[in-house]
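*Asks:* Got a sequence here, can you build the structure:
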Amino acid sequence: MATILAVQGKVPQFGNNCFIAPNATILGEVSMGDDCSVWFNAVIRGDVHFIKMGNKVNVQDGAIIHCTYQKHPTTIGNNVSIGHNAMVHGCTIHDNVLIGMGSIVMDGCVIHSNSIIAAGAVVLEGTIVEEGHIYAGVPAKKVKTVSEDLLTGEIHRIANNYVKYASWFDDANEAPKK
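*Replies:* All right, here's what the predicted structure looks like:
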């Protein structure tokens, strides 16, 4: 069973149709919308500030979402995929975003809509990722625009697939109801 803990009276809140893997950890002031999934060994720590996630967000295996005490919460929009072993910390991620596997998004960053952070990229503190672009490298830099094919064939496809994958697990694995 997943580890879901209150911290200083703040209990994680889940939308409808959310899947939480049995060894995921979610604690503190975390709220997520509908059709979200938190996969194996993922950690979402809302212990030092809030974490707010929209609808259809998937947090893949080994990913970590955290924030900075009294300074930087983490806000994630709708239709967002956080790739395997990615680290998202004290930042804002808008709608329709793919955060690639093993990437790091640091405090104060803003990832605008319809964007991709490439696998292994490091988005340095305070970086503003322009809407509709791909950022790659260490440190992450703008490398090209997101085509309509990438928007539908990657960003939307992955988010939709994770809703489907979550449906493969039985109701005993669903997140607690509000």
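*Asks:* Show me which residues of the helix or strand bottoming out on mean pLDDT in the chain are buried.
*Replies:* Here the helix or strand of the chain ranked lowest by mean pLDDT, DSSP states H and E is helix 148-150, holding a mean of 95. For helix 148-150, burial by neighbour count (16 or more other CB atoms under 10 Å) applies to residue 150. Heads up, the C-betas are built off the backbone N, CA and C, glycines and all.
*Asks:* Show the end-to-end separation of stretch 85-104, please.
*Replies:* Start-to-end span of stretch 85-104 (CA to CA, to the nearest Å) is 9 Å.
*Asks:* Any idea how far that stretch is from the middle of the chain?
*Replies:* In this view, stretch 85-104 has its centroid 6 Å away from the chain centroid, taken as CA atoms, centre = their mean, to the nearest Å.
*Asks:* continuing past the least confident helix or strand of the chain, what's the next helix or strand?
*Replies:* helix 157-167 (DSSP states H and E).
*Asks:* contacts for that next one?
*Replies:* Identification of contacts with helix 157-167 by CB atoms under 8 Å, 6 or more residues apart in numbering yields 17-19, 35, 37, 56-58, 60, 79-81, 96, 98.
*Asks:* I appreciate the help and will end here.
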